[in-house]
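Participant: sequence? don't have it. structure:
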Ligand code: B12
Ligand code: SF4
């Protein structure tokens with residue numbers, strides 16, 4: 001059996017590792033025994049990272065808020081079945097996602113249970129949900145599993161931003177356990193990227209979220225793929241509230257969309273796409289089918305997803321709307337509201353890159369200095385040039401427009417509860433420079 005980023009589960013039955021073998025006298029956990037133990041619980045690959053590794057500094061920062069005793073991460077990979085994920089029948093793919101997602105949570109939970117029996121404090125943030133929804137629409141997840149898995153030598157992010165395991169490809173889900181003990185050895189990242197830049201993920205994505213250069217349109221993916229998750233559901237509830245009667249509601253939401261929402265609420269939220277993952281041929285165990293016949297691979301794996309007639313959820317006047325019209329005219333555009341509207345100045349600043357419209361910004365060249373006053377004082381600089389965005393926590397260079405706003409007013413404005421003229425009249429908004437630059441700014445971010 002081949003070794004990749006650590007030991008892999010053997011195909012043959014293994015003897016359960018004795019728990020006592022894991023902890024040495026000085027309290028350090030034995031690398032091999034712990035790894036074997038996690039594999040025996042059902043993980044398909046396992047890696048370890050020390051909490052102080054610079055590449056995961058963001059994760060250390062987040063984790064220390066809830067578990068300051070943490071010293072190491074255990075990162076696990078669980079394989080998914082390829083054929084169901086590739087199916088154009090979304091119910092089949094979602095069954096696989098949900099089943100293996102639960103498997104990840106079950107394995108990390110069992111790890112925590114066993115480690116606790118050894119007197120080791122351990123914590124298992126969820127594979128996906130539940131997340132910290134009071135932070136919505138900010139970073140609702142506690143731990144980013146991807147950078148930890150990369151640091152633990154379990155794979156690298158491909159162009160589509162999913163982690164590709166050298167052997168299992170991107171058909172994996174990730175889990176993490178944080179522990180308050182050191183491990184006798186830690187894993188290193190693999191020294192190559194299994195992504196060979198075939199860009200099939202770029203062609204498959206129905207909303208153009210993946211750029212051939214690797215940029216990712218978070219809001220396009222989130223709006224469509226997550227239509228029946230937190231943001232889409234919030235928007236749907238708004239549609240119900242805004243409708244005068246059944247007739248008006250049904251003019252906006254088709255019966256099959258309501259039924260689909262029921263299914264997500266009852267059986268777990270259903271993803272609308274994940275086509276980037278379906279078509280990815282990378283990984284030793286996956287690539288054979290692609291290499292043995294590229295045309296057949298495209299005909300049987302990529303094209304059914306491209307040809308599928310289905311509703312595609314987009315925010316009006318976004319790159320995604322343009323993309324669907326041009327590339328997938330046989331799919332039905334369904335307009336929905338942006339569900340990533342910030343509710344704090346912090347989420348406005350940190351979320352800008354997630355909603356940035358790269359193509360709409362291709363002819364925009366501006367430097368804006370924001371100063372927020374009142375409840376949430378802050379400053380931010382936003383520079384847009386040739387489709388690229390730079391957000392800073394300082395005012396850099398010469399501003400084309402200085403925007404000084406009361407923080408509560410600005411949040412109300414973003415949420416369509418008040419207007420620019422009202423802000424100017426009441427003095428809650430002051431502009432120094434050409435106001436046209438504010439319109440250019442708005443063009444680059446969906447509202
Ligand atoms: C948020 C999230 C999403 C978001 C953003 C995806 C993304 N690229 O980050 C959305 C809703 C779009 C999404 C979609 C999907 N996801 Co997801 N998702 C997550 C989650 C909760 C966190 C991801 C993360 O750490 N992002 C931050 C950094 C590390 O990722 P990045 O790509 O380098 O960063 C980009 C964006 O995230 C964004 N960003 C970074 N920080 C922040 C902060 C905020 C507040 C915002 C709004 C945005 C943002 O900007 C970056 C540049 O574009 C993890 C679970 C977890 N707790 O880790 C699963 C996870 C990444 N998702 C997963 C899966 C399977 C999917 C889907 C295939 C879902 C599906 N079944 O349809 C798609 C694939 C989309 C894609 N090509 O990336 C798996 C990936 C497994 C793998 N092989 O790598 C994970 C790891 C879940 C798991 N436990 O296995 N997901
Ligand atoms: S589909 Fe091709 S380009 Fe996209 S991540 Fe996989 S190997 Fe890389």
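Facilitator: Yes, it's here. Since we're looking at a predicted model, the values are computed, not measured. Ligands and ions are numbered 1, 2, ... in the order given.
Participant: okay, domains of the chain per the record?
Facilitator: With domains defined by automatic domain parsing, the chain comprises 19-179, 200-335, 345-443.
Participant: now find how far off-centre the first one is within its chain.
Facilitator: Put simply, domain 19-179 sits 15 Å off its chain's centre (C-alpha atoms, centre = their mean, to the nearest Å).
Participant: check whether it comes near ligand 2.
Facilitator: Yes - judged by C-beta under 6 Å from any ligand atom, domain 19-179 comes into contact with ligand 2 at 158-160. In short, each C-beta sits where N, CA and C put it, glycine included.
Participant: which strands or helices does the helix or strand harbouring residue 384 pack on?
Facilitator: Per DSSP states H and E, residue 384 falls inside strand 378-385. Applying 3 or more C-beta pairs under 8 Å, 6 or more residues apart in numbering; DSSP states H and E, one finds that strand 378-385 contacts helix 345-355, strand 365-373, strand 388-392, helix 436-443.
Participant: now do the second one against helix 345-355, angle only.
Facilitator: Okay, so that is strand 365-373. Between strand 365-373 and helix 345-355, the angle comes out at 160 degrees (axes from the mean of the first three to the mean of the last three C-alpha atoms, to 10 degrees).
Participant: just the mean pLDDT for stretch 325-344, thanks.
Facilitator: The pLDDT scores in stretch 325-344 average 95.
Participant: isn't residue 358 up against residue 217?
Facilitator: Yes - with contact defined as C-beta atoms under 8 Å, residue 358 reaches residue 217; the gap is 7.0 Å.
Participant: can you name the residue of the stretch 201-350 of the chain nearest to ligand 1?
Facilitator: Of all residues in the stretch 201-350 of the chain, residue 274 sits closest to ligand 1, at 3.0 Å by C-beta to the nearest ligand atom.
Participant: check what pLDDT that residue gets.
Facilitator: Residue 274 carries a pLDDT value of 94.
Participant: so how many other residues sit close to it?
Facilitator: 22 (other C-beta atoms under 10 Å).
Participant: hmm, it is touching residue 86, no?
Facilitator: No - with contacts counted by C-beta under 8 Å, residue 274 stays clear of residue 86, the gap being 9.7 Å.
Participant: give me the common contacts of the two.
Facilitator: Listed as contacting both residue 274 and residue 86 by C-beta atoms under 8 Å, 6 or more residues apart in numbering are residue 93.
Participant: spell out which residues of the protein are next to ligand 1.
Facilitator: Close to ligand 1, as judged by C-beta under 6 Å from any ligand atom, the chain has residues 97, 127-128, 138-139, 141, 143-147, 160-163, 170, 172-174, 216, 218, 221-222, 225-226, 271, 273-274, 276-277, 350-351, 353-354.
Participant: buried only: go through those residues for me.
Facilitator: 97, 127-128, 138-139, 143-147, 160-163, 170, 172-174, 216, 218, 221-222, 225-226, 271, 273-274, 276-277, 350-351, 354 (16 or more other C-beta atoms under 10 Å).
Participant: residue in the protein nearest to ligand 2?
Facilitator: For the chain, C-beta to the nearest ligand atom, closest residue to ligand 2: residue 158, 2.7 Å.
Participant: just give the closest residue to that residue, not the sequence neighbours.
Facilitator: residue 195 (3.3 Å; C-beta to C-beta, 6 or more residues apart in numbering).
Participant: low-confidence regions, the stretch 101-250 of the chain specifically.
Facilitator: By pLDDT under 70, the stretch 101-250 of the chain has no low-scoring segment.
Participant: which residue does it bring closest to ligand 1?
Facilitator: residue 144 (3.0 Å).
Participant: for that residue, what are its contacts?
Facilitator: 58-59.
Participant: got phi/psi on the spatially most central residue of the chain?
Facilitator: Residue closest to the average C-alpha location in the chain (C-alpha atoms, centre = their mean): residue 218, at 7.4 Å. Phi and psi for residue 218, reported as degrees, to the nearest 10, are phi -50, psi -50.
Participant: got it, and residue 62?
Facilitator: phi -70, psi -40.
Participant: ok, the one 10 residues further on next?
Facilitator: In terms of degrees, to the nearest 10, the main-chain angles of residue 72 are phi -150, psi 160.
Participant: count of residues packed around it?
Facilitator: Using other C-beta under 10 Å, residue 72 is surrounded by 23 other residues.
Participant: hmm, residue 50 and it touching each other?
Facilitator: Yes - Residue 72 lies in contact with residue 50 (C-beta under 8 Å); the separation is 5.7 Å.
Participant: overlap in contacts, the two.
Facilitator: Jointly contacting residue 72 and residue 50 under the rule C-beta under 8 Å, 6+ apart are 182-183, 186.
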